[in-house]
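**Q** The following comprises the amino acid sequence and a computationally predicted model.
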Amino acid sequence: MCGIAGAFTFDPAARVPDATIIARLNELQQRRGPDGQGLWSSSDKGVSFGHRRLAIIDTGPHGAQPMSDASGRWTITFNGEIYNYRALRQELEHRGCEFLTDSDTEVLINVVARWGEAGLRKLRGMYAFALWDALERELWLARDPYGIKPLYVAQSDGILWFASQARALARVASIDTGRDAAALAGFYLWGHVPEPFTWWSGIRAFPAGHLQRVRAGATPGPARAFAKIEETYLASPPRLFGRSELHHLALDTVRHHLVADVPVGIFLSAGIDSNVVAALAAEHSSRLQTLTLAFEEYAGTDMDEAPLAEETARVLGSQHTTIRIGRGEFEVLLDDFFAAMDQPTIDGLNTYLISHAAARLGLKVVLSGLGGDELFGGYPSFREVPGLAQWGQRLSWLQPLGGVVQWALRAVALPGVPPKTAGLISHSSDLAKAYLLRRALYLEDELPSLLDESWVIEGLERLATGSALSATLAPLRAAGATEHVQIAALESCWYMRNQLLRDTDWSSMAHGVEVRVPFVDFALLELLGPAIASTNPPTKDELAACCVGIPAPVISRAKTGFTTPVRQWISESEGTYAGRGLRGWASRVHHKFRTHCPTVASAAPIGLAA
Amino acid sequence: MRRPVRVQMLLTDAFGGFGGISKFNRDFLAALNGCSSVERVHALPRLLTEPIEEVIPEAVIFNRKAARGRIAFAKELLRLTLRAERADLVISGHLHLLPLAWLAARHQQARLALIVHGFEAFLPTRNTLTNLVADRIDAFIAVSRYSADRFVRWSKVARDRGFILPNCVDLTCFTPGERDRSLVDRYGLHSSKVMLTMGRMAAGERYKGFDEVIDAMPQLLQRFPDLKYLIVGDGSDRRRLEATVKLLGLSNCVIFAGCIPESEKVAHYNLADVFVMPSYGEGFGIVLIEAAACGIPIVGSSVDGSRDALLDGRLGRMVDPKRPDELLEAITAAIGGARRRARNDLVETFGVGRFRGRVAHWMDRQVALAAA
C-alpha cells in the first residue's frame, strides 16, 4: 500500500512536464509510503511515474517501484495489494512466465501482459495503478471494483496527471484548482465530496472498477467499466447459503487478507464484524495481534467497548492492546488530522486515532470489519429506507403539499425535531430519495443558508443526485431485485465508497498503516451476491453464529449499538460554528479547507515554470 | 483557539454593482473570504443593477432577494437576524444603512462596525436616527485618514475605534501600456497630449475639481496647443460642465467620453499623459491608484482623502485645488516631464494582497475584542 503519482504527455505537441514535479508529488504523498520512494521516466520523458512505498510484500529492494517486467515492455506504479498473487503467479509460471521478484507487483504486471483487460477480473485485492506499455505506447489506468484504493486524475495542456491524493495533484500549477460547485454543494449534502467530483474543479476521481487506456498521440477516451458492484449481486441466480458455506466464504476472504511479509494486526471493537474477522483470523494464525480504541470518558461505563474486546482477545488468545484516548489527545492531534485530510469530510477521526496508535505499536497492516454492515444488512437503513419509501407511497397524495410542509417545518424550527424531518414528504417517493434523506447531512433546500445560491444551483445541477442514485439502482430494479439488495448496492456504491473507504484510506495512510477490509472484497461479493439477493439474505447473527470464539455478550450487545464521544468532542470544540454536532463540524471542516489548506491558501504551486 | 465568527454585512451594492463603493465592497468580501477568523458572511445588498459576473467567494452568501427593494431588504435582514445561529459581527457597509445594522447587531448581541467611504460621512446626515446611532458603533473602517477625521468630528466616535483601510487596485490588470489605436481614433487624439479625469459628475457633490481643470485649460493650451482634456464618466452635472466648456470655446479640446465599460478602463488610463483630479471632498480616490498602477503621472489634491491615495505626495503631485497657479504649474511639469512612463513601485502599497492582509488583521482584532 503506497502512494502513486505520474504524468503522461499524450499530446505530442505538448510540453513535457519537468521531472521535478513528479518528485514533488512523491514528497507530498510521503505519509502514504514512508519506507522508500522511486521515480521513473520513459526514454523520451513522455511518461513519468512516482511511487512512495510502504513495504509489505517482498519488503526488500526487489519490491521497489516503479517496477518494470523482465522484458522491459511494461512499467508500473501501483498502490494496493493483490491478495491472490501467489495463486496467479503459479498459474503464470505454468504458462512459462518468469519472475525476478517475490512481489505482487510483478504478478500484476504479468497478469495484464498475459491476459490483457480480462486479467483485471482475476485480481483479488485493492488497487489503483498506472501501467505503461512501451511497445504500444499506451498508458493503462485502473482502480479496483469497490474503489478501496483512491486514484485521482486531471488533464491539462495535453498532459494526463494522476495521483493517490487529490490534494497533492491540486498543487500542480497547470491544473485548475478552482472550487468545484458540485463538490461544495455535495460536501454539505453528504458530509463528503461525492465521486467523481473533487474539491478542485480540474481533478476527478477515477471511477471504481474502471480501466482507461490512453495512447500516445490520441485524445484520452472515457474509462470503461470492467466490474460493477451493483450488477454483481444478480450475476448468478439468487439462492440461500448454509452456515458452513457462509463460514467457508468468510474464512476464505480473511485468509486472503492475511497475506503479508510483515505482522498483521486487527482493529477489534465490541462489534460483530471485527469480532468475526478476529475469530476467523485466529483459525489461520496462532499469533494474533488485536487493537481496541477506547475512550477515557466511557471507562467503567456500559458504553466502554474495551472490556468486551478484551474478552474476545482473551478467548482467541491474541496479543491485545487497548488504547484509551481522551479529549486531550483529540485536541493535540486535531491540527495534524486536518493536515492529513485529503478532501473535506465529516468522518475519519476514529480511524485516524486508532491508526495513530497502531503505528506506534509498530503495525503496518491491520484488518478491519468495515463492510460487514453493507454485506450483512447491518445498518438501520436496511429497515428504515424501505419503510420510508412505503410510507411515502401510501401518502403520495400529500406530495403536492411537500413544499409547503417543508417550508412550515423550516420556518418554525421546533425544539427536539430533527432538521431533516422537513424532508419526510419530499424525500419519500422512492428508494433513492429515501436513501438520500437517511444519509444526507443537510437536505437540498437547507443549502442556501450555508452557501451562496450561485454555488447551490450549479452544484445541485451538476451533482444530479437523484438520477445518479437511480443509476446505481437501475440494473437491480430492471431485474426485479429485492429492496434489501438495492439498499446494499446504495450503501456500497455511495456511503461506503465515498465516505468509509475514502476516509479510512487517508486517515490510516497518514500514519503509514494499511487497513485491509476482508468484507469489501469483490471475489467475496461474486460468491455471496446470490445470497444477498435472495429473499432471506444472510444476517449479522448468522455471520456471528458461524464463528467460534465470539463471546455471547458481543452478539447481544451489538443490537443496542455503540457510540463514541467523538461527536461530543466535536460538538463542544466547534463552539460557534453553524449547526450542532456533525453539521457544525462540516462548517468547521469547510473553514479549515478554505483558509488553511496549503493548496489553496499559501503554498506555491509546483511546476509554475511549466 | 478562538472560533471563527459569522458576519452579517449590509451593503449598498457589491457584486453586480457599479462604482467605487461597489468595488470596495467586492474587494472587502473577497478579503473576508480569505480570513481564517471568518466562518461565513451573509451579505445583504440594497441594489443589484447588473447581472453578476464575478464568482461569489465561497464563504459569502450574497442575498439577492434583499436587493428587491426596501421592504425586501428589511425582511431578509429580519429573517437572518431571527435565525438560531446569531452573527458575531454586523458590518454596515454604508452610513445610511447604520440604523438597520444597529438593530440587527443589538438583537444578536453582536459587535457593530461601520465602513466610512467619504462624502456621505463628512457631515451629519439628514436622517436623525442615523446620527443618533452613529456613536453606538464598536468599530469603524475608513478608506482614508481624511474620511476618518471628518466622520469622527461630528459623530463623536472615539478615533481609536477606527481603522484605515485604503482601497486596492489589481496590479496585474492595471499596468502601463501603449495607447490603444481604436480609442485614439474614437476621440481624435492623434499626436495630442492627453489630460485625463475619471469620475462621476454629480451636481449635488461637485468636489472632483472638473471646473478647476477646465478653468486652467486656456493657459495650458498656450503651452501645449495640441492638448486634449478627456473626461470619462457621467452624472447629473455633466450638462452644466458641457455648457461651461462651450461657453469658454473649448469644445474642440475637452472631450466628454461618458460611461465606459469596465473592460476599456485600463486602455483609457493608458491614453493619458497626466491624470488630474484637484478634488476637495474625495474620500480616497480609487482612480488615483489605478492611474498610478498604469504609470501615469498624477496631479491630485492635498486637501482631502487623496493625500492617502498619493502617499502624501510620493505617488503623485499634490496641489491645493483652490490655487490655480499651483495646479497649472503641476500639470505643466507633468506633461512636460519624462516621456517614458514607468510604474512607481510604491503603488504596491495598494495591492490586493496588502488589502487582504489589512482586512485579516482588522478581523483578528474584532474577534479578540469580541472575546475580551
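**A** Thanks, I have the structure now. As the structure is a prediction and not an experimental result, all values here were calculated from the model.
**Q** from here on, contacts and neighbour counts on C-alpha atoms
**A** OK.
**Q** okay, which residue is most central for chain A?
**A** Closest to where the C-alpha atoms of chain A average out (Cα atoms, centre = their mean) is A:Leu501, at 2.0 Å.
**Q** Now that residue: closest residue in space, sequence neighbours ignored.
**A** With Cα to Cα, 6 or more residues apart in numbering or on different chains as the criterion, A:Leu501 has its nearest non-adjacent residue at 5.7 Å, and that residue is A:Ile148.
**Q** if we can go back for a sec, ok, now which ones touch the residue nearest to the centre of chain A?
**A** By Cα atoms under 8 Å, 6 or more residues apart in numbering or on different chains, A:Leu501 lies in contact with A:Gly147, A:Ile148, A:Lys149.
**Q** And A:Ile425, by the same measure?
**A** The contact partners of A:Ile425, by Cα under 8 Å, 6+ apart, come to A:Gly392, A:Leu398, A:Gln399, A:Gly402, A:Val405, A:Gln406.
**Q** now swap in A:Gly549 and tell me
**A** A:Ala279, A:Thr312, A:Val315, A:Leu316.
**Q** The second one touches A:Ile550, doesn't it?
**A** Yes - when contacts are counted by Cα atoms under 8 Å, A:Thr312 is listed as touching A:Ile550 (6.1 Å).
**Q** closest to chain B among the contacts of A:Gly549?
**A** A:Thr312 (40.6 Å; Cα to the nearest Cα).
**Q** Tally up the residues packed near residue 77, please.
**A** All of this is about chain A. Residues lying near A:Thr77 (other Cα atoms under 10 Å in any protein chain shown) number 30.
**Q** think we crossed wires, I meant chain B
**A** Taking other Cα under 10 Å as the criterion, the count of residues near B:Leu77 is 23.
**Q** which residues does whichever residue of the stretch 101-250 of chain B sits closest to chain A contact?
**A** Of all residues in the stretch 101-250 of chain B, the one sitting closest to chain A is B:Ala110 (12.7 Å; Cα to the nearest Cα). Listed by Cα under 8 Å, 6+ apart, the contact set of B:Ala110 reads B:Arg86, B:Ala87, B:Asp88, B:Leu89, B:Val90.
**Q** Looking at the residues you listed, which are in strands?
**A** Of the positions in those, B:Leu89, B:Val90 sit in strands, assigned by DSSP state E.
**Q** got a winner among the contacts of B:Ala110 for most neighbours?
**A** Comparing the contacts of B:Ala110 by number of neighbours (other Cα under 10 Å), B:Val90 comes first, having 29 neighbours.
**Q** For it, give its distance to B:Phe350.
**A** 26 Å (Cα to Cα, to the nearest Å).
**Q** Name the SS class of residue 195, please.
**A** Looking at chain A here, since you left the chain open. Assigned by DSSP: H, G, I helix; E, B strand; the rest coil, the conformation of A:Glu195 is coil.
**Q** oops, I was thinking of chain B
**A** State at B:Met195, reduced to three classes by three-state DSSP: strand.
**Q** Quick one: neighbours of the residue of chain B found nearest chain A, just the number.
**A** In chain B, no residue comes nearer to chain A than B:Ile61, which is 4.1 Å away by Cα to the nearest Cα. Neighbourhood size, B:Ile61 [other Cα under 10 Å]: 23.
**Q** mind pulling up the phi and psi values for it?
**A** Main-chain dihedrals, B:Ile61, degrees, to the nearest 10: phi -110, psi 110.
**Q** Run a quick neighbour tally on the residue lying closest to it once chain neighbours are set aside.
**A** Leaving out its chain neighbours, the residue that sits closest to B:Ile61 by Cα to Cα, 6+ apart is A:Asp452, at 4.1 Å. If you count neighbours by other Cα under 10 Å, A:Asp452 ends up with 23.
**Q** Check what pLDDT A:Asp452 gets.
**A** Per-residue pLDDT puts A:Asp452 at 97.
**Q** How about the contacts made by it?
**A** B:Ile56, B:Glu58, B:Val60, B:Ile61, B:Phe62, B:Asn63.
**Q** cutoff 10 Å now
**A** A:Asp452 sits next to A:185, B:41-43, B:56-64 when contact means Cα atoms under 10 Å, 6 or more residues apart in numbering or on different chains.
**Q** where does it fall, phi/psi-wise?
**A** Taking degrees, to the nearest 10 as the convention, A:Asp452 sits at phi -60, psi 150.
**Q** and if you look at A:Glu27?
**A** According to degrees, to the nearest 10, A:Glu27 has phi -60, psi -40.
**Q** what's the neighbour count on A:Glu446?
**A** Using other Cα under 10 Å, A:Glu446 has 18 other residues around it.
**Q** And the contacts of the longest helix anywhere in chain B?
**A** As assigned by DSSP state H, the longest helix anywhere in chain B is helix B:352-371. Helix B:352-371 has contacts (Cα under 10 Å, 6+ apart) with B:2-5, B:27-38, B:88-89, B:110-113, B:138-139, B:141, B:163-172, B:348-349, B:372.
**Q** Who are the contact partners of B:Val274?
**A** B:Val274 neighbours (Cα under 10 Å, 6+ apart): B:193-197, B:229, B:291, B:295-299, B:331-337.
**Q** low-confidence ranges in the chain?
**A** Unless you meant another one, I'm taking chain A. Within chain A, the ranges that satisfy pLDDT under 70 run A:1, A:402, A:410-417, A:558-563, A:571-581, A:597-610.
**Q** You answered for a different chain; I wanted chain B.
**A** Using pLDDT under 70, chain B drops low at B:1-2, B:338-340.
**Q** which parts of it sit against chain A?
**A** B:1-6, B:33-43, B:52, B:55-64, B:79-80, B:83-88 (Cα under 10 Å from any Cα of the partner chain).
**Q** now with 8 Å?
**A** B:3-5, B:34-36, B:39-40, B:56, B:58-63, B:85 (Cα under 8 Å from any Cα of the partner chain).
**Q** can you give me phi and psi for A:Arg213?
**A** The phi/psi pair for A:Arg213 (degrees, to the nearest 10) is phi -120, psi 120.
**Q** nope, B:Val299 is what I meant
**A** Main-chain torsions, B:Val299, degrees, to the nearest 10: phi -120, psi 110.
**Q** Pull up the gap between the residue nearest to B:Ile61 and A:Ser201, please.
**A** Counting by Cα to Cα, the separation of A:Asp452 from A:Ser201 is 17 Å.
**Q** go on, A:Leu268?
**A** In terms of Cα to Cα, A:Leu268 sits 39 Å off from A:Ser201.
**Q** try B:Arg239
**A** 50 Å.
**Q** Next: A:Ser41.
**A** Taken as Cα to Cα, the span from A:Ser41 to A:Ser201 is 28 Å.
**Q** try A:Met67
**A** Using Cα to Cα, A:Met67 is found at 32 Å from A:Ser201.
**Q** likewise A:Leu234?
**A** Using Cα to Cα, we find A:Leu234 at a distance of 36 Å from A:Ser201.
**Q** Would you reformat the contacts of A:Asp452 as TSV and include secondary structure and distance to A:Ile21?
**A** As requested, the contacts of A:Asp452 are arranged in TSV below (DSSP: H, G, I helix; E, B strand; the rest coil; distance: Cα to Cα, whole Å):
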residue	secondary structure	distance to A:Ile21
A:Ala185	helix	31
B:Val41	strand	37
B:His42	strand	40
B:Ala43	strand	40
B:Ile56	coil	32
B:Pro57	coil	29
B:Glu58	coil	29
B:Ala59	coil	31
B:Val60	strand	34
B:Ile61	strand	37
B:Phe62	strand	38
B:Asn63	coil	42
B:Arg64	helix	43
